[in-house]
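1. generate coordinates for the sequence data below:
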Amino acid sequence: MTSISKNRRRRGALAAGALATVLAATAACSNSMGAAGSSGGGTADSSLFGGPAVTGVTLTVWHNTADPQALLDLYKAYEKESGNTIQLVDIPASTFPTTVQTKWATGARPDILEWHGNRTDLLSLNGSQTMVDLSSMSFVAKEGQLATLSGSLDGKTYAATIGMPTVFGLFYNKSVLAKAGLSVPKSYADLAADCTVLKAKDPGVIPLYEAGASGWPQQVLSSFDYVAQYNTGDSYASSILSGKTKLNDPNGPIVKGLEAYESLKAAGCFNSDATTGTWETSLKYVLSGKAAMVANGSDSVPMLDADADGDTATVDAAVGFTGVSATSSVAGYAPSPLGTYYVPKTGNTTKERAAIQFIEYVTGAGYGSYIQQAGTIPTLSGTATPKMQGLMQEIDTAYRNGATLTWNSQIPGSGNFGPESGKLLAGQETPQAVADKIEAYYTQASAAAGD
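-> I've put the predicted structure just below:
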């Protein structure tokens, strides 16, 4: 645990386009800190909302260590404005989902939880019973449709999402592809063809870096990217939820994506240590040109910037981003855990009220400054989009040009896909066997959730 009021945390994960100055405290915040809820009501415990500002308390925050500097500075600004102390509990980015779930299962609770907004991830923490309903707060209307997708169950909003959604696609080293005479891939056929060319022309370069040791990156290439084009309007996920199709249909996109992934592995497209490779190494390699490509999400940009010592121009010159799917250039997206905040029910009314007032601050008085410093896409309406670094602009373009919600965002039990696809990477399972297990997990989790 680290108190950022005593020790300013300078992380490697710098925000894209971060400003050199500390986030300034916003004027007139004292009024906003005491008005945590809108006048609409409808929350499970209205006594937690409104009333005088809570001061002089320490709030523990379970946070992802990949938080960009802009979020760390936002915590600092809240401390200065509120008189409260934020005590950060580091959850390693490389093991974030499993670490949170393991701690949660012991009964431990923070005052504020930074966590995924996906329905399936909220269900994994029994969110409707363990989180404070924030539906009456004023940020919900500003989030618009995002409030129904991120941190939402049964029409209620349990999270404030100030970080832009994670956009999944392909990071690539521009000079490596250019040297090999390759254009930017758009499909999995392109990936396979580019792999063949790269192996012949530049055998010292890894065509596609895979990070099996981190536990979750492999599911990006094996499913998130491949399936993206099939989930327009959440159509594929809806067909699963309605029972019209199954996740393990032999000719369905999940099985076909896993088969395409296995084919890339069999063709020698991955690094030789794919099962022990890490997310952090994958970014270093694509930035330096040791790897041509890596499939991952936009949350990786702060780490890329950090690898370049904060020189975003160097990153922009070296690395590009594109959507890539089964047969066309479509990106996927999902609510990001970075900057998605919940208020767990702890039984401590004073701290729950203070945590709600934290939510009001980061979605209100502190939000505009955060967005400008982060150089990222606003999630709340009425906020000006700041100047973004070139790589983030490419990601924004992919997001706005038909990106689809990742298939797993609404599917209970899909949190097991990462470990199961890891077994495929290790040669321990077949694509069909992985899909069969995911279908079984979904059936069990859906029944438990009452779907």
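2. in CSV, list the C-alpha atoms belonging to the longest helix anywhere in the chain.
-> In the chain, ranked by residue count with DSSP state H as the criterion, the top helix is helix 431-449. Only the C-alpha atoms of helix 431-449 are listed here, as CSV (Å, rounded to 0.1, in the frame of the first residue of the first chain):
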residue,chain,number,x,y,z
PRO,A,431,-9.7,-25.3,-30.7
GLN,A,432,-13.0,-27.4,-30.4
ALA,A,433,-12.1,-28.5,-26.9
VAL,A,434,-11.5,-24.9,-25.8
ALA,A,435,-14.8,-23.8,-27.3
ASP,A,436,-16.6,-26.8,-25.7
LYS,A,437,-15.3,-25.7,-22.3
ILE,A,438,-16.3,-22.1,-22.8
GLU,A,439,-19.8,-23.2,-23.8
ALA,A,440,-20.0,-25.2,-20.5
TYR,A,441,-18.7,-22.3,-18.5
TYR,A,442,-21.3,-20.0,-20.1
THR,A,443,-24.1,-22.5,-19.4
GLN,A,444,-23.2,-22.8,-15.8
ALA,A,445,-22.6,-19.0,-15.3
SER,A,446,-25.8,-18.1,-17.1
ALA,A,447,-27.8,-20.4,-14.9
ALA,A,448,-26.2,-19.0,-11.8
ALA,A,449,-26.9,-15.4,-13.0
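3. what sits up against it?
-> Contact partners of helix 431-449, identified using C-beta atoms under 8 Å, 6 or more residues apart in numbering, comprise 120, 123, 240, 246-248, 250, 252, 254-255, 258-259, 261-262, 411-414, 416-417, 420-421, 423-424, 429. Every residue, glycine included, has its C-beta placed from N, CA and C.
4. restricted to helices, list the residues you listed.
-> With helices taken from DSSP H, the overlap with the contacts of helix 431-449 comprises 120, 123, 240, 254-255, 258-259, 261-262, 417, 420-421, 423-424.
5. please pick the buried ones from the contacts of helix 431-449.
-> 120, 123, 240, 246-248, 252, 254-255, 258-259, 261-262, 411-414, 416-417, 420-421, 423-424, 429 (16 or more other C-beta atoms under 10 Å).
6. so residue 195 makes contact with residue 265?
-> No: Residue 195 sits out of contact with residue 265 when judged by C-beta atoms under 8 Å, with a separation of 10.4 Å.
7. which one of those two is surrounded by more residues?
-> residue 195 (22 against 19; other C-beta atoms under 10 Å).
8. show me where pLDDT drops low in this structure?
-> 1-45, 450-451 (pLDDT under 70).
9. okay, strands next: where are they in it?
-> 2-3, 58-64, 85-91, 112-114, 152-153, 156-157, 159-161, 166-173, 206-208, 291-297, 319-322, 332-334, 340-342, 404-405 (DSSP state E).
10. would you mind putting those strands into JSON lines with mean neighbour count and distance to residue 77 alongside?
-> Formatted as JSON lines, these follow (neighbours: other C-beta atoms under 10 Å; distance: least, C-beta to C-beta, whole Å):
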{"stretch": "strand 2-3", "mean neighbour count": "13", "distance to residue 77": "15"}
{"stretch": "strand 58-64", "mean neighbour count": "21", "distance to residue 77": "14"}
{"stretch": "strand 85-91", "mean neighbour count": "20", "distance to residue 77": "10"}
{"stretch": "strand 112-114", "mean neighbour count": "26", "distance to residue 77": "15"}
{"stretch": "strand 152-153", "mean neighbour count": "20", "distance to residue 77": "27"}
{"stretch": "strand 156-157", "mean neighbour count": "22", "distance to residue 77": "24"}
{"stretch": "strand 159-161", "mean neighbour count": "27", "distance to residue 77": "16"}
{"stretch": "strand 166-173", "mean neighbour count": "26", "distance to residue 77": "24"}
{"stretch": "strand 206-208", "mean neighbour count": "27", "distance to residue 77": "40"}
{"stretch": "strand 291-297", "mean neighbour count": "28", "distance to residue 77": "27"}
{"stretch": "strand 319-322", "mean neighbour count": "22", "distance to residue 77": "30"}
{"stretch": "strand 332-334", "mean neighbour count": "26", "distance to residue 77": "27"}
{"stretch": "strand 340-342", "mean neighbour count": "25", "distance to residue 77": "15"}
{"stretch": "strand 404-405", "mean neighbour count": "22", "distance to residue 77": "32"}
